[in-house]
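1. Structure, please.
(one chain, ligands or ions: 2)
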Amino acid sequence: MLEITGLGKVYEGRGGVEALRKIDFRVADGDLVCVVGPSGCGKTTLLKCLAGLLSPTTGEVRVAGRRVTGPPPGMAVVFQEYGRSLFPWMTVRKNVELPLREKKVPAPRRRELVEEALSAVGLAGAAVAHPWQLSGGMQQRVAIARAIAYEPQVLLMDEPFAAVDAQTRAELEDLLLTLWRRLGVTTLLVTHDIDEAVYLGRRVIVLSSAPTVVQEDLPIDLPAARDQITTRSAPRFAELRAHVYAQIKQAKNGAAAGVDQDAPVRAAEQSGP
Ligand code: ADP
Ligand code: MG
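-> Residues are numbered from 1 along each chain as shown. Ligands and ions are numbered 1, 2, ... in the order given. Predicted coordinates for the structure are as follows:
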């Protein structure tokens, strides 16, 4: 379903920032793959190239065999900054409905899809609220409802649960697993949380630090049915987690050992508001 071949991305300006060197991997139809890697290694850049929002400098991305040159049909994206991805002046219902209007889904079917998606994320009662009246976790549920109402073939998520409390995060993780099983949607989820990657993923792809390549593509051989308590306390979970942890540490040390010419630029960016 997703084919990433020799993908490289250099941002122009300030001498150029090489966000991705050469990324190669594939995601089969219906799979759930998590991507982890050190902060600043290019995870968001990778997702934006997949979503057709950025054009790669080298290589290519294909979705269902077709080369991506703009936002592919049948793809939904849940961004990290969900607060900014919802329109504050629209009700929750209108926010979820918007992409369906653009897809030209007839009104009765639109209503059905919106109601289904909102009840799937436990927000049936909040349809006429405005996003600013909701907690962070609820706003993120709205963003997820909008993505699933669209009935995508491919779902991309960029650190979707990073900004919510631990309890909500666990609930949203399980919600995602339930929806993924029910809809069979090919899912690629970016996270910096190693436990989350191992808990959710059928595969975990570890990115190196810059120059960014795929450091490891690890199958997660845990039972298909996952449970926050049983799965996370299984010895195999601990092994996989430790393994990914070591890989990331290695990736970070790789960066420390090399000359990181962009470090002052990044430090300056991070000290901003
Ligand atoms: P991650 O999501 O893994 O934290 P990003 O994809 O956001 O990493 O960024 C990868 C690198 O590209 C970083 O060095 C970052 O500073 C740089 N970068 C990201 N977006 C831009 C941009 N629009 N212009 C220039 N450099 C960018
Ligand atoms: Mg990011």
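
2. Quick check, pLDDT for the closest residue to Arg21 other than its chain neighbours.
-> In space, Arg21 comes closest to Pro211 once its chain neighbours are excluded; the distance is 3.7 Å by CB to CB, 6 or more residues apart in numbering. From N, CA and C alone the C-beta is placed, and that goes for glycine too. We have a pLDDT of 89 for Pro211.

3. quick one, phi/psi of Pro211?
-> phi -70, psi 120 (degrees, to the nearest 10).

4. Who are the contact partners of Gly30?
-> Gly30 is in contact with 1, 184-186, counting by CB atoms under 8 Å, 6 or more residues apart in numbering.

5. For these, name the two members farthest from one another.
-> Distances among the contacts of Gly30 were taken as CB to CB; the most separated pair is Met1 and Gly184, at 10.9 Å.

6. The two: which is more packed in?
-> When Met1 and Gly184 are compared for neighbours, Met1 comes out ahead with 19 against 12, by other CB atoms under 10 Å.

7. Mind splitting the chain into its structural domains?
-> Using automatic domain parsing, the domain ranges for the chain come out as 2-74+152-271, 86-151.

8. Give me the distance from the longest one to the chain's centre.
-> Domain 2-74+152-271 sits 7 Å away from the centroid of its parent chain (CA atoms, centre = their mean, to the nearest Å).

9. mind listing what the residue nearest to Arg202 when sequence neighbours are not counted touches?
-> Excluding the flanking residues, the one nearest Arg202 by CB to CB, 6+ apart is Leu32, at 5.0 Å. The contact partners of Leu32, by CB under 8 Å, 6+ apart, come to 180, 186-187, 189, 200-203.

10. and those, which of them are in strands?
-> Members of the contacts of Leu32 lying in strands (criterion: DSSP state E): 186-187, 189, 203.

11. shaky segments in this structure?
-> Counting by pLDDT under 70, the chain contains low-confidence residues at 82-83, 254-273.

12. ok, longest helix in it?
-> Counting by DSSP state H, the longest helix found in the chain is helix 235-257.

13. Quick one: list the elements packing against that one.
-> If you count contacts as 3 or more CB pairs under 8 Å, 6 or more residues apart in numbering; DSSP states H and E, helix 235-257 packs onto helix 194-200, strand 203-207, strand 214-219.

14. among these, which is nearest ligand 2?
-> strand 203-207 (11.1 Å; CB to the ion).

15. mind listing what the closest one pairs with, with the direction of each?
-> When pairing is defined by DSSP bridges, strand 203-207 lines up against strand 32-36 (parallel), strand 214-219 (antiparallel).

16. now, of the ones you listed, which is deepest in the fold?
-> Ranked by mean neighbour count, those are led by strand 32-36 with a mean of 25 (mean count of other CB atoms under 10 Å).

17. Just confirm yes or no for the helix or strand just after that one near ligand 2.
-> Moving toward the C-terminus from strand 32-36, the next helix or strand (DSSP states H and E) is helix 43-50. Yes: Helix 43-50 is in contact with ligand 2 by CB under 5 Å from the ion, via 43-44.

18. Show residues contacting helix 43-50.
-> Residues from elsewhere that reach helix 43-50, judged by CB under 8 Å, 6+ apart: 2, 4, 7, 9, 19-20, 23, 35-37, 54-56, 61, 63, 68, 77, 80, 156, 158-159, 188, 190, 192, 207.

19. and those, which are buried?
-> Buried positions within the contacts of helix 43-50, assessed by neighbour count (16 or more other CB atoms under 10 Å), are 2, 4, 7, 9, 19-20, 23, 35-37, 54, 56, 61, 63, 68, 77, 80, 156, 158-159, 188, 190, 192, 207.

20. List the ones among the residues you listed that fall in strands.
-> 2, 4, 7, 9, 19-20, 23, 35-36, 61, 63, 77, 156, 158, 188, 190, 207.

21. circling back to that earlier point, between the contacts of Leu32, which sits nearest Pro88?
-> Leu189 (26.0 Å).

22. List the residues that contact the residue nearest to that closest one when sequence neighbours are not counted.
-> Distances taken as CB to CB, 6+ apart put Met157 closest to Leu189, at 4.5 Å, once the chain neighbours are dropped. Counting by CB under 8 Å, 6+ apart, Met157 makes contact with 77-78, 147, 176, 187-190.
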